[in-house]
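A.B. asks: based on what follows, work out the 3D shape:
(one chain, ligands or ions: 1)
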Amino acid sequence: MRKDDSAPPPESGSSVSPDRPWFTRRSTLVVGVAALAPAALAGWVLTQVLAGSGSDGQQSRQLPASHASLSPGQRDAKPGSPPSGSPTAGASTPAAAPVPAKGPLAGKTVVVDPGHNTGNFKHTDEIDQQVDIGTNRKECDTTGTTTNSGYMEAEFTMDVSKRLRAALEAQGAKVVLTHETGDRAWGPCITERARIGNVANADAVVSVHADGVSAGNRGFHVILPAKVKAGAADTAKIVEPSRELGERIAGNFARTTGSAPANYLGGGTGLVVRDDLGGLNLSTRPKVFIECGNMRDAKDAAQLTSPEWRQKAAQGIADGIVGFLGG
Ligand code: ZN
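C.D. replies: Down below sits the predicted model:
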């Protein structure tokens, strides 16, 4: 993020000593549990996450058919179904219906929103147009940030979003991206980004970003919608499910990437609530933003520019969505 969407959130981490390790601060159990993952408890942690141990520590959900618990045969085979390559028996045999998606996210729709657009830099007049986000008016879109070496946030968000799409589709989800590489010169506007999730009747929406703040600020955070009601904005119904979605993503992101929650906001929880983002205010579906790291910090940038790390990031987000929707 950059410009208006990187304004300090209401929940500040200024009271937290930057010298203390993040895991000693107040944090959700999900994040705390994730900190143990590199140790011998990794298998247990995975089980707990997949089984749906929420931030309140209650075993409230059981994932019905996770990829971790089913063999390929269990996942794909269906008793009585013919081999996929078998010929049809003739005119009396009805045409085979499309094979329904398998996996814990079968029947679910996830909208993935790659933040910004690599073309926004060349279309500042267009993206500076003011749009109505209910609570106020804001720019249609922003350029996003870059690393010090010039790797664009918009490149990062598109790459992670495509990896996330692949991971979600592998779990049976229908995935819609709000835009694709090269399909448009700029944007979409934040109003359109929200509308795509609403129109798709998405079960979950994730907007992928990376932050652009001063060096030394490190780590990820997930942005949750505040309760707002003004104009077209009314988030009352999505505040609670969005928080659960965000907690799931934060815990799994920490586990897969090894990254810590941001050390500069959110009080070490990796969670921040904001009321100034059109993409959240205008959403009628459970939705969060994730700021995967700080592009302006050399150590974070080394991760953000690594394809291997981006795959871990996408997997963590996907696992969080599976945990949210699979229960
Ligand atoms: Zn951004």
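
A.B. asks: quick check: Asn294 touching Ser259?
C.D. replies: No. Between Asn294 and Ser259 no contact is recorded; they are 10.5 Å apart, counting by CB atoms under 8 Å. From N, CA and C alone the C-beta is placed, and that goes for glycine too.

A.B. asks: now do the helices in the chain.
C.D. replies: Remark: helices assigned in the chain by DSSP state H are 29-35, 42-51, 72-76, 124-127, 153-169, 190-199, 239-257, 278-281, 298-304, 307-326.

A.B. asks: closest one to Val205 among these?
C.D. replies: helix 190-199 (4.0 Å; CB to CB).

A.B. asks: show me what that closest one is packed against.
C.D. replies: Contacts defined by 3 or more CB pairs under 8 Å, 6 or more residues apart in numbering; DSSP states H and E place helix 190-199 against strand 109-114, strand 130-132, helix 278-281.

A.B. asks: Phe324 contacts Val205, correct?
C.D. replies: No. If you go by CB under 8 Å, Phe324 and Val205 don't touch, sitting 11.2 Å apart.

A.B. asks: which of the two has more residues huddled nearby?
C.D. replies: Applying other CB atoms under 10 Å to Phe324 and Val205 shows that Val205 carries more neighbours, namely 31 against 26.

A.B. asks: name all residues that make contact with that one.
C.D. replies: 110-113, 197, 283, 285-288 (CB atoms under 8 Å, 6 or more residues apart in numbering).

A.B. asks: on that earlier part again, including mean neighbour count and distance to the ion, could the helices and strands packed on helix 190-199 go into CSV?
C.D. replies: Formatted as CSV, these follow (neighbours: other CB atoms under 10 Å; distance: least, CB to the ion, whole Å):
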stretch, mean neighbour count, distance to the ion
strand 109-114, 26, 10
strand 130-132, 14, 16
helix 278-281, 28, 10
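
A.B. asks: go through those and name the closest to Glu180.
C.D. replies: strand 109-114 (8.3 Å).

A.B. asks: what is the residue in the stretch 201-327 of the chain that the ion sits nearest to paired to in the beta sheet?
C.D. replies: Among the residues of the stretch 201-327 of the chain, His209 lies closest to the ion, at 3.5 Å counting by CB to the ion. Under DSSP bridges, the beta-bridge partners of His209 are Glu291.

A.B. asks: pull the CA atoms of stretch 273-293 into PDB?
C.D. replies: Provided in PDB are the C-alpha atoms of stretch 273-293 (Å, rounded to 0.1, in the frame of the first residue of the first chain):
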ATOM      1  CA  VAL A 273      -8.900  -2.900  12.100                       C
ATOM      2  CA  ARG A 274      -9.400   0.000   9.700                       C
ATOM      3  CA  ASP A 275     -12.500   2.000   8.700                       C
ATOM      4  CA  ASP A 276     -10.900   4.000   5.800                       C
ATOM      5  CA  LEU A 277     -10.500   1.400   3.100                       C
ATOM      6  CA  GLY A 278     -13.100   1.400   0.300                       C
ATOM      7  CA  GLY A 279     -12.400  -2.200  -0.500                       C
ATOM      8  CA  LEU A 280     -13.500  -3.200   3.000                       C
ATOM      9  CA  ASN A 281     -16.200  -0.600   3.600                       C
ATOM     10  CA  LEU A 282     -18.100  -1.500   0.400                       C
ATOM     11  CA  SER A 283     -17.800  -5.300   0.800                       C
ATOM     12  CA  THR A 284     -20.800  -7.300   1.600                       C
ATOM     13  CA  ARG A 285     -18.800 -10.500   1.800                       C
ATOM     14  CA  PRO A 286     -16.200 -11.600   4.500                       C
ATOM     15  CA  LYS A 287     -13.100  -9.800   3.400                       C
ATOM     16  CA  VAL A 288      -9.600  -8.900   4.600                       C
ATOM     17  CA  PHE A 289      -6.500  -7.300   3.300                       C
ATOM     18  CA  ILE A 290      -3.100  -8.800   4.000                       C
ATOM     19  CA  GLU A 291       0.100  -6.700   4.000                       C
ATOM     20  CA  CYS A 292       2.600  -9.500   3.500                       C
ATOM     21  CA  GLY A 293       5.700  -7.500   4.600                       C
END
